[in-house]
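Student: Just to be clear, the model below is a prediction. Sequence and coordinates:
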Amino acid sequence: MSGEQLGLPGMTQTYACRITFSENNSGGTWWLQQEHYDKLFAAGWHPGRTSYNGSVRGAHRIIVLDAIDEGVANTTAYNMAVLEWEKLTGENSDDPGCSCCGAPYQFYDWDTPILLIDWRGRNYEPGVEQATLLAMFEED
Ligand SMILES: [Zn+2]
């Protein structure tokens with residue numbers, strides 16, 4: 001998905017960003033309950049990684065937004081996703097956890113954003129439906 005993404009200064013483009021959430025195990029127990037994940041999924045989060053027993057212990061959120069470049073897009077999406085996650089779960093994303101296991105929640109913005117619409121207002125991938133591009137992000 002790399003390629004020329006040059007725009008004019010100050011011009012925004014439309015990006016899809018994927019922010020990944022992962023939960024730590026603490027001494028054999030998990031921090032989030034199924035009801036937390038149910039709320040996340042109902043709000044549009046997608047199931048992420050699973051634990052050894054098959055239970056979902058992570059999620060990712062795809063956020064589409066306008067920004068001047070992919071760095072700004074990713075940072076903004078990260079903040080939006082963490083705020084939404086806190087609102088939905090009622091948990092503190094910065095919870096230090098316990099001294100033995102460490103922080104229970106991690107958030108990552110390691111995926112390169114997908115450019116959906118460039119600064120000229122054109123679909124970046126001619127002939128490729130945006131839904132197809134987004135579907136690439138929805139898979140874990
Ligand atoms: Zn611990």
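Tutor: Good, I have the coordinates. It should be emphasised that the depicted structure is a prediction, and the values quoted were computed from it without experimental measurement.
Student: Contacts only, for the closest residue to Trp110 other than its chain neighbours.
Tutor: Residue nearest to Trp110 in three dimensions, not counting chain neighbours: Thr20, with 7.0 Å by C-beta to C-beta, 6 or more residues apart in numbering. Just so you know, the C-beta spots here come from the backbone N, C-alpha and C atoms, and that holds for glycine as well. Applying C-beta atoms under 8 Å, 6 or more residues apart in numbering, we find Thr20 in contact with 48, 58-60, 107-111.
Student: Just checking, which helix or strand succeeds whichever strand or helix holds Thr20 along the chain?
Tutor: If you go by DSSP states H and E, Thr20 is part of strand 13-23. Following strand 13-23 in sequence order, the next helix or strand is strand 25-26 (DSSP H and E).
Student: That next one: what's the following helix or strand?
Tutor: By DSSP H and E, the next helix or strand past strand 25-26 is strand 29-30.
Student: now the angle from the following helix or strand past that following strand to strand 13-23?
Tutor: Moving toward the C-terminus from strand 29-30, the next helix or strand (DSSP H and E) is helix 34-42. Interaxial angle, helix 34-42 versus strand 13-23 (axes from the mean of the first three to the mean of the last three C-alpha atoms, to 10 degrees): 170 degrees.
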